[in-house]
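Engineer: model this:
(one chain, ligands or ions: 6)
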Amino acid sequence: MTHSSLSYEWVLLIFFYGILLMCMSSCLKSAILGYLYLGVNNLIGNIQAWIGNFSSLYVLGLFENNFQGSIPSDLGHLQGLKFLHLNGNNQSGTIPPQIFNISSVYFFSITQNQLHGSLPPDIGLTLPHLQVFYCGINNFTRPIPASLSNASQLQRLALEKNGLIGPVPRNLASLQGLVGHYLNSNKLGYVKDDDLNFLNFLANCTNLKVLDLGNNYFGGVLPNPIANLSN
Ligand SMILES: *[C@@H]1O[C@H](CO)[C@@H](O)[C@H](O)[C@H]1NC(C)=O
Ligand SMILES: *[C@@H]1O[C@H](CO)[C@@H](O)[C@H](O)[C@H]1NC(C)=O
Ligand SMILES: *[C@@H]1O[C@H](CO)[C@@H](O)[C@H](O)[C@H]1NC(C)=O
Ligand SMILES: *[C@@H]1O[C@H](CO)[C@@H](O)[C@H](O)[C@H]1NC(C)=O
Ligand SMILES: *[C@@H]1O[C@H](CO)[C@@H](O)[C@H](O)[C@H]1NC(C)=O
Ligand SMILES: *[C@@H]1O[C@H](CO)[C@@H](O)[C@H](O)[C@H]1NC(C)=O
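Structural biologist: Ligands and ions are numbered 1, 2, ... in the order given. Next up, the predicted model:
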């Protein structure tokens, strides 16, 4: 390869890179970017705070990369976000409360990271449109928030493989659309006779197809109405 053809390629590269940067900066200025989907790549480093400046963003898909560090609280500025998909990274720390305040979100997945802390008690009120809530395979502790029952469109609730403690809130039975309910591999229950009484109530969730309660501290016997979970 001659010296002149090499520099020609460089000029081209710099030209296209320049155009890309111009596009990105004008997107930022006018904030028209609605859809940012970079899932299943090998991206490394931290999720950058400036993503929170794409104020029109409604889809943020950064799943299955190697992002690490904490989730920037600036993402809480994305007040039109509907789809937050961060699963399968190496995010650590706690989830900033601002993230649980994006009331427009209906798809929330942070499965398989190294996040810890608690799920906020009022989460069903701050995220009222939740349809999918996937927080499994992290290190969340504390009880399951009973307020999730207020997210009345919830269909899939997956909190498996964490360190959650306490009872399964009975009022989750009011979630008529619930299809999948994964609570396996936590520290739920008290090894007591009435630990599974919530199943009496879940009999109301007629759409329920998967209920995984394995590997917890549930005691007692299976209540009869589980037969009503006919599906
Ligand atoms: C986001 O926008 C605000 C104001 O529009 C600006 O002050 C801030 O520096 C921006 N943040 C980043 C990380 O670019
Ligand atoms: C996650 O981060 C830790 C330390 O920050 C590192 O040791 C580990 O290899 C990372 N895991 C993956 C899957 O990237
Ligand atoms: C969440 O939103 C409410 C109402 O919009 C606001 O009062 C509160 O300060 C917000 N919390 C955080 C942590 O941003
Ligand atoms: C949870 O934390 C423990 C120690 O604090 C650690 O060994 C484990 O890998 C963590 N699990 C996940 C899924 O991050
Ligand atoms: C949340 O749901 C409970 C019942 O599950 C209900 O008593 C309470 O009023 C609801 N709160 C709001 C703010 O809707
Ligand atoms: C179950 O459904 C019945 C009939 O629709 C209703 O009266 C009852 O309040 C429901 N129970 C719960 C726990 O949601």
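Engineer: thinking residue 124 is in contact with residue 150, fair?
Structural biologist: Yes. Taking contacts as Cβ atoms under 8 Å, residue 124 lies within contact range of residue 150: 3.7 Å. For glycine as for every other residue, the C-beta is placed from the backbone atoms N, C-alpha and C.
Engineer: so what sits against both of those two?
Structural biologist: A shared contact of residue 124 and residue 150, defined by Cβ atoms under 8 Å, 6 or more residues apart in numbering, is any residue touching both; here there are none.
Engineer: who has more neighbours, these two?
Structural biologist: When neighbours are counted by other Cβ atoms under 10 Å, residue 124 comes out ahead of the other of residue 124 and residue 150, with 24 against 19.
Engineer: Near the residue lying closest to residue 123 once chain neighbours are set aside, how many other residues are there?
Structural biologist: Counting by Cβ to Cβ, 6 or more residues apart in numbering, residue 145 is the residue found nearest to residue 123 once chain neighbours are left out, at 5.0 Å. Other residues near residue 145 number 18, with proximity taken as other Cβ under 10 Å.
Engineer: Report the separation between residue 145 and residue 139.
Structural biologist: Using Cβ to Cβ, to the nearest Å, we find residue 145 at a distance of 17 Å from residue 139.
Engineer: go on, residue 85?
Structural biologist: 20 Å.
Engineer: quick one: residue 90 and residue 68 touch, right?
Structural biologist: Yes. Applying Cβ under 8 Å as the test, residue 90 and residue 68 come out as touching, 4.3 Å apart.
Engineer: of the two, who's got more company?
Structural biologist: For residue 90 against residue 68, the residue with the higher neighbour count under other Cβ under 10 Å is residue 68, and the figures read 16 against 13.
Engineer: Looking at residue 85 and residue 139, which one has more neighbours?
Structural biologist: Neighbour totals were compared for residue 85 and residue 139, and residue 85 leads with 20 against 14 (other Cβ under 10 Å).
Engineer: what residues does the chain put near ligand 5?
Structural biologist: Taking Cβ under 6 Å from any ligand atom as the measure of proximity, the chain contacts ligand 5 at 125, 149, 150, 171, 174.
Engineer: what's near enough to touch the nearest residue to the last one once chain neighbours are set aside?
Structural biologist: Put plainly, it is residue 174. If you skip the residues right next to it in sequence, residue 174 has residue 149 as its closest partner in space, 5.0 Å away by Cβ to Cβ, 6+ apart. Listed by Cβ under 8 Å, 6+ apart, the contact partners of residue 149 are 124, 169, 171, 172, 173, 174, 175.
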